[in-house]
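> Next come a sequence and a model predicted from it.
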Amino acid sequence: MDEENITRLHLDGKEYILIGTAHVSKHSAEQVKQVIEAENPDAVCVELDEQRYQSIREGNKWKDMDIVQVIKEKKASLLLINLAISSFQNRMAKQFGINAGQEMIQGIESAKETGAKLVLADRNIQITFSRVWGNIGFKGKLSLLSQIIASIFSKESISEEELEKMKNMDTINAVLNEFTESFPRLKKPLIDERDQYLAQKIKDAPGDKIVAVLGAAHVPGIKEEIKKEHDLASLNTVPPKSNVPKIIGWSIPVLILALIVYTFFANPSAGLAQTMSWILWHGSLSAIGAALALAHPLTILTAFAAAPITSLNPILAAGWFAGITQAYVRRPSVKDFETLSEDVFTVKGFWRNKVSRILLIVVLSNIGSSLGTFIGGADVIRRFFENF
């Protein structure tokens with residue numbers, strides 16, 4: 001049996017066999033099958049949480065998705081990012097002629113075939129995202145999003161030989177060192193905490209022989225963390241949301257309204273000019289965002305009309321109104337939902353598919369409205385000081 005990428009540990013009378021995999025590698029999936037069949041373990045741990053496990057079992061139920069409900073629940077941006085990241089992984093998997101995450105699927109199937117207990121060993125993905133997002137600051141968020149978008153739409157391909165080389169320990173350590181230099185606060189929730197969580201779940205797995213199917217980047221950390229005890233409840237805690245964004249979100253519109261009202265009483269013509277500036281900046285930039293997403297003319301008009309009003313209420317967003325309008329005037333067909341996972345392979349596909357286009361309209365309209373808040377707000381303040 002090929003022992004490359006396999007780590008064997010013995011601790012407290014139990015044997016742990018860690019298989020370091022690449023998530024789009026055909027060789028990794030084959031090796032998982034070979035190891036589990038040869039070892040016949042008591043339990044198989046896979047680097048999945050319940051949400052991703054159900055997604056694998058049931059497939060992506062795009063046809064069951066209510067796009068209007070997604071917008072109302074403020075999940076359009078999250079869904080768009082999930083689609084984009086999924087398309088990046090699927091594009092690489094398609095290049096090698098396998099399913100993304102095939103090694104995890106193989107782990108599930110082999111556990112069933114051998115009668116081993118299946119253990120979902122990873123932390124809930126939403127908890128990880130929440131802890132990541134709360135630890136990188138505003139600048140880190142902008143930088144991270146820009147790098148994600150750049151990598152998603154990159155045309156660069158990678159050979160499977162290069163992919164296998166990435167599982168080399170020295171290479172992974174080098175990548176992580178570079179990673180933590182760019183985002184020093186990101187490695188803790190994304191890598192270190194998950195190493196601790198995975199290690200504890202593997203250690204708690206039933207039986208004397210445990211096989212764990214893991215992304216190779218986690219193996220070095222798990223080798224060390226499995227020797228310690230970790231509090232899973234603490235690692236599952238979602239950090240409380242800061243009140244600062246909420247305070248800022250309400251303070252800006254209150255300030256703008258106060259300046260406009262005060263100016264109106266002192267100089268009505270100047271107050272009218274401030275109001276028109278606020279409306280035109282917000283409406284125009286939000287409408288431009290919708291137009292960039294190839295929205296219907298009525299949707300563009302909705303974005304223009306909604307942005308100046310919704311910008312004064314942080315609970316609302318122009319993109320939601322624009323997205324819902326687009327969903328009604330250009331209602332997605334069954335075919336759009338069926339081809340969604342394929343269409344998002346390309347930038348062109350994002351705009352062509354009616355579902356992903358609606359999501360783009362929501363996001364780009366909101367970005368335009370946000371820009372309008374800064375530019376329009378600055379112009380309102382400038383006009384105030386010019387008149388007083």
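Here it is on my side, so go on. Residues are numbered from 1 along each chain as shown.

> What are the phi and psi values at residue 295?
phi -70, psi 160 (degrees, to the nearest 10).

> Please verify my assumption that it contacts residue 322.
Yes: using Cβ atoms under 8 Å, residue 295 is in contact with residue 322, at 6.7 Å. All C-beta spots, glycine's among them, are computed from the backbone N, C-alpha and C.

> who touches both of the two?
303, 361, 365 (Cβ atoms under 8 Å, 6 or more residues apart in numbering).

> of residue 295 and residue 322, who's got more company?
Ranked by neighbour count (other Cβ atoms under 10 Å), residue 295 and residue 322 place residue 322 first, with 36 against 27.

> The helix or strand where the more buried one lies: which residues count as buried?
In this assignment (DSSP states H and E), residue 322 forms part of helix 318-329. Of all the residues in helix 318-329, those buried under the rule 16 or more other Cβ atoms under 10 Å are 318-327.

> Mind giving me the packing neighbours of it?
In terms of contacts (3 or more Cβ pairs under 8 Å, 6 or more residues apart in numbering; DSSP states H and E), helix 318-329 is packed against helix 67-72, helix 76-95, helix 268-292, helix 297-310, helix 354-387.

> now the helix or strand following that helix, how far from the centre of its chain.
Later in the chain than helix 318-329, the nearest helix or strand by DSSP H and E is helix 334-338. From the chain centre to the centre of helix 334-338 is a distance of 23 Å (Cα atoms, centre = their mean, to the nearest Å).

> How about residue 373: what's its closest non-neighbour residue?
Of all residues not flanking residue 373 in the chain, residue 311 sits nearest, at 5.3 Å (Cβ to Cβ, 6 or more residues apart in numbering).

> mind listing what the one you found touches?
The neighbours of residue 311, taking Cβ under 8 Å, 6+ apart as the test, are 253, 282, 318, 369, 372-373, 376.

> contacts for the helix or strand where residue 44 lies?
Using DSSP H and E, residue 44 maps to strand 43-46. Contacts to strand 43-46, defined as Cβ under 8 Å, 6+ apart, come from residues 36, 53, 104, 107-108, 110-111, 114, 116-122, 198, 201-202, 205-207, 209-214.

> Narrow those residues to just the buried residues.
With burial judged by 16+ other Cβ under 10 Å, the buried subset of the contacts of strand 43-46 is 36, 53, 104, 107-108, 110-111, 116, 118-122, 198, 201-202, 205, 210-214.
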